[in-house]
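Q: quick one: sequence and predicted model below, then my questions.
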Amino acid sequence: MSQSRSVLRSAYQSLIQRKRLLPDEYQLGLIERLASLQDELLATNGFRAPQVRGLYIFGSVGTGKTRVADLFSETLPISISKRRVHFNEFMMDIHQRLHTARSAVTYSGDPLVQIGRDIRQESRILCFDEFQVTDIADAMILGRLFGSIWHAGGVMVSTSNRHPDNLYENGLNRVSVEPFFRELQRRCEIWQISGKQDYRMRDISSGADTGKLATFFVEQAKYISALSGYLEGRELQDIYIPVFGSRKLSIRATCSENRSESNEKKAHDVVSAKFEDICEQPLSSVDYHALCRATKTLFITGLRQFGELEKDVVRRFITLIDLAYEMQTRVICLSTVPLGKVFIDMIPKQDQALKKRIINMTVKGQGGASSSMMSTYIDDVEWSATGLVKASLATGGAGETDVGFAITRTISRLHEMSSMGYGIRD
């Protein structure tokens, strides 16, 4: 057995022995495949390394895709350069690089080719969590961007809830993105991780993960009591946090007194916000990234049952939870309805099975609503991250389709945030 195969499998078995994970034949099969990929990367590591086929992992929510992919990234030999990042955050970085390139005095041509080369020079392997395409601003640049990355020898390992054929479903001008999806399947082996058990929705018997915290409230008094416990006598202050460039976000927060060096970016122990201020305003993922980067615990008041036409609002909330989960920020909510009813009007009336499942899922105890920040020019027409400038996700397209698809993931992640072990690195 190779050294990398041994290290990765040993790390996985250690988590099972410590009851951080349950034995799972599908996860074990994926561990073996990823260990083989590590061996191949190590054997071909070099400046002119031959092209290695990556892995695109898809499956239902809570089946362990992210955890296994994390182990792959964490056990990669140090000689292999890597970047582990949520796909939303990666695309934010790409749009920022595009903005910088287009602002340069020497700007000419297509900067995506050089950006792709730069990305590859920084990291041979890109490890993405939650690969998704919901915005035309992203969709229209993926082919050129990843074409440059792959041509330079980059390798992608990614998790997703969808097969590549179902990405950007019903999206605007999808036909122009289909060549990228075909190339993605040529460059990456498509691996489905089976199993229908959502491990976030169950407790592991004994071990550190059995404890639960109350993180979703419908009673104001209990929510205030929980907030007071986190504040420990401190008061919330009006604070501005940097977002991007001169943009700042106004929040109410405490200040950490004893920040560890490893958590130095979490400047505020607790942030409190109103749902209407952070999800009913035209904020984007770059705002939510800054918000989650700044705090360990985010309290939100005013969550409610969404109306069937509020797809912009729902998309923002889902993006916020995705980024909070990626950055290990715990979200605690005060809602006017139980969690199972928050999204109920977003489910198509004909999908009664999904509606029943969601009702039964409970938790005890300047940009658009998008995964991108910048506008993109396509054939001299400006598109925002939600489509044509001033268009809304509520008008349809991939944003509408994926809102319904992402609801179970959001509920699942909110449930995991109630775990005592949430945010603890193994």
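A: That came through fine.
Q: SS state for Leu22?
A: Classification of Leu22 by DSSP: H, G, I helix; E, B strand; the rest coil places it in coil.
Q: shouldn't it be in contact with Leu28?
A: No: using Cβ atoms under 8 Å, Leu22 is not in contact with Leu28, being 11.3 Å away. C-betas here are computed from N, CA, C, even on glycine.
Q: now the helices for the stretch 301-426 of the chain?
A: Along the stretch 301-426 of the chain, counting by DSSP state H, counting those that start in this stretch, helices occupy 311-326, 339-342, 352-360, 398-416.
Q: pick out the shakiest of the ones you listed, pLDDT-wise.
A: For the helices of the stretch 301-426 of the chain, mean pLDDT drops lowest on helix 352-360, to a mean of 59.
Q: now do the same for Ala221: its pLDDT.
A: 95.
Q: Ala152 too?
A: The model's pLDDT for Ala152 equals 93.
Q: and it, how far from Ser228?
A: 53 Å (Cβ to Cβ, to the nearest Å).
Q: so where's the protein shaky on pLDDT?
A: 1-5, 47-49, 62, 195-211, 256-267, 348-405, 424-426 (pLDDT under 70).
Q: apply 80 and report the result again.
A: Within the chain, the segments meeting pLDDT under 80 span 1-6, 19-21, 46-50, 60-63, 134-135, 194-211, 244-246, 255-267, 346-406, 423-426.
Q: the protein: strands as residue ranges?
A: Using DSSP state E, the strands of the chain run over 54-58, 82-86, 125-129, 155-160, 188-192, 216-217, 237-244, 247-253, 268-274, 295-303, 330-335, 376-378, 381-384, 387-388.
Q: just send those back as TSV, with distance to Ala69 too.
A: Output for the strands of the chain, formatted as TSV (distance: least, Cβ to Cβ, whole Å):
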stretch	distance to Ala69
strand 54-58	7
strand 82-86	8
strand 125-129	6
strand 155-160	5
strand 188-192	11
strand 216-217	27
strand 237-244	27
strand 247-253	30
strand 268-274	28
strand 295-303	23
strand 330-335	22
strand 376-378	28
strand 381-384	31
strand 387-388	30
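Q: can you redo the ones you listed as TSV with distance to Leu309 and mean neighbour count?
A: TSV is the format used below for those (distance: least, Cβ to Cβ, whole Å; neighbours: other Cβ atoms under 10 Å):
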stretch	distance to Leu309	mean neighbour count
strand 54-58	30	22
strand 82-86	28	19
strand 125-129	30	23
strand 155-160	27	23
strand 188-192	34	16
strand 216-217	24	22
strand 237-244	28	14
strand 247-253	26	17
strand 268-274	21	21
strand 295-303	18	22
strand 330-335	20	22
strand 376-378	26	16
strand 381-384	19	17
strand 387-388	16	18
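Q: the more surrounded of Ala152 and Ser228?
A: Ala152 (16 against 10; other Cβ atoms under 10 Å).
Q: report the contact partners of that one.
A: Ala152 sits next to Gly116, Arg117, Arg120, Gln121 when contact means Cβ atoms under 8 Å, 6 or more residues apart in numbering.
Q: so which of those are in helices?
A: Gly116, Arg117, Arg120, Gln121 (DSSP state H).
Q: list only buried entries from those.
A: Among the ones in helices among the contacts of Ala152, those buried by neighbour count (16 or more other Cβ atoms under 10 Å) are Gly116, Arg120.
Q: may I ask which two of the ones in helices among the contacts of Ala152 are separated the most?
A: Pairwise distances among those were taken by Cβ to Cβ; the largest, 9.8 Å, belongs to Gly116 and Gln121.
Q: before we move on, the earlier item: closest to Thr106 out of the strands of the chain?
A: Of all the strands of the chain, strand 376-378 comes closest under Cβ to Cβ, at 18.2 Å.
Q: for the closest residue to Leu236 other than its chain neighbours, list each beta-bridge partner.
A: Nearest residue to Leu236, sequence neighbours excluded (Cβ to Cβ, 6 or more residues apart in numbering): Arg252, at 4.3 Å. In this structure, Arg252 bridges to Asp238, Ser272 when assessed by DSSP bridges.
Q: wait, Arg252 touches Glu235, no?
A: No: using Cβ under 8 Å, Arg252 makes no contact with Glu235, being 9.4 Å away.
Q: thanks a lot, see you next time.
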